[in-house]
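S.K.: test case, fold it:
(2 chains)
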Amino acid sequence: KQEVTQIPAALSVPEGENLVLNCSFTDSAIYNLQWFRQDPGKGLTSLLLIQSSQREQTSGRLNASLDKSSGRSTLYIAASQPGDSATYLCAVIGVTGANNLFFGTGTRLTVIP
Amino acid sequence: NAGVTQTPKFRILKIGQSMTLQCTQDMNHNYMYWYRQDPGMGLKLIYYSVGAGITDKGEVPNGYNVSRSTTEDFPLRLELAAPSQTSVYFCASSQLAGGRETQYFGPGTRLLVL
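M.R.: Numbers count the residues shown, from 1 in each chain, chains lettered A, B, ... in the order given. Got it, this is the predicted structure:
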């Protein structure tokens, strides 16, 4: 069964700092990996989707990388802002089984002004 | 274009009561999903549907039922509420299978069973 782990569980950084969030998964047979943002009391918003054949995706100040062979992904946030404060979840879809996302438990990010 | 909408936003149930969580999407997506999120945990799939009239179990289906009579609606039914069903429930939809595009999530329904 796919297990997705995110470390650290919580992270506080001063505004303007660059930061990296980590995600690891146990089964490398994945279709894609996605990073989501979740604000308190809200639903999930997709940030980046990396297909299994890709190594990275970029959107604005966000860059996500994927190393399928080692079962790892990172989300890099450049020049962090207080508005980036949220919980960041990574999720993978396996190539077999139900068409569902396997989620990590998330990293709660606080950017201090 | 509202995306994925869920009702109610919050509900308190007594043990043994039943209720239906509503989910509607207006993007004409074939695939719809129900997840639950427990505190400090990731989301787990309850049920999913690949089109009207077709549903299948996910990782944690016990205690729940679903139906999909139209493309737009995918209600989740709790027949005999138990404290273990206290959670936040998210509905999601996508057009393509196999993760070729992202899933779009609703705002969630917070359920408390006492």
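
S.K.: measure the residue nearest the centre of chain B to B:S93 for me?
M.R.: Centroid-nearest residue in chain B, with Cα atoms, centre = their mean: B:W34, separated by 2.8 Å. Counting by Cβ to Cβ, to the nearest Å, the gap between B:W34 and B:S93 amounts to 11 Å. For glycine as for every other residue, the C-beta is placed from the backbone atoms N, C-alpha and C.

S.K.: can you tell me what sits against the helix or strand of chain A with the lowest mean pLDDT?
M.R.: Scoring the helices and strands of chain A by mean pLDDT, DSSP states H and E places strand A:101-103 at the bottom, with a mean of 87. Outside strand A:101-103, the residues that touch it by Cβ atoms under 8 Å, 6 or more residues apart in numbering or on different chains are A:2-4, A:25, A:34, A:89-94, B:42-45, B:99, B:103.

S.K.: that older thread, once you drop chain neighbours, what's closest to the residue nearest to the centre of chain B?
M.R.: Of all residues not flanking B:W34 in the chain, B:I46 sits nearest, at 4.4 Å (Cβ to Cβ, 6 or more residues apart in numbering or on different chains).

S.K.: let me see the contact set for the one you found.
M.R.: So B:I46 contacts B:34-36, B:58-61, B:64, B:66, B:76, B:89 (Cβ under 8 Å, 6+ apart).

S.K.: tabulate those residues (JSON lines), appending secondary structure and pLDDT.
M.R.: Shown next, in JSON lines, are the contacts of B:I46 (DSSP: H, G, I helix; E, B strand; the rest coil; pLDDT from 0 to 100):
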{"residue": "B:W34", "secondary structure": "strand", "pLDDT": "96"}
{"residue": "B:Y35", "secondary structure": "strand", "pLDDT": "95"}
{"residue": "B:R36", "secondary structure": "strand", "pLDDT": "96"}
{"residue": "B:G58", "secondary structure": "coil", "pLDDT": "89"}
{"residue": "B:E59", "secondary structure": "coil", "pLDDT": "88"}
{"residue": "B:V60", "secondary structure": "coil", "pLDDT": "93"}
{"residue": "B:P61", "secondary structure": "coil", "pLDDT": "95"}
{"residue": "B:Y64", "secondary structure": "strand", "pLDDT": "97"}
{"residue": "B:V66", "secondary structure": "strand", "pLDDT": "97"}
{"residue": "B:L76", "secondary structure": "strand", "pLDDT": "98"}
{"residue": "B:Y89", "secondary structure": "strand", "pLDDT": "97"}
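
S.K.: just the buried ones from the residues you listed, in PyMOL syntax?
M.R.: To isolate the buried ones among those in PyMOL, judged by 16 or more other Cβ atoms under 10 Å in any protein chain shown, type:
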select buried, chain B and resi 34+35+36+58+59+60+61+64+66+76+89
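
S.K.: looking at the contacts of B:I46, which is nearest A:A78?
M.R.: B:Y35 (30.2 Å; Cβ to Cβ).

S.K.: surely that closest one meets B:Y89?
M.R.: Yes - with contact defined as Cβ atoms under 8 Å, B:Y35 reaches B:Y89; the gap is 7.2 Å.
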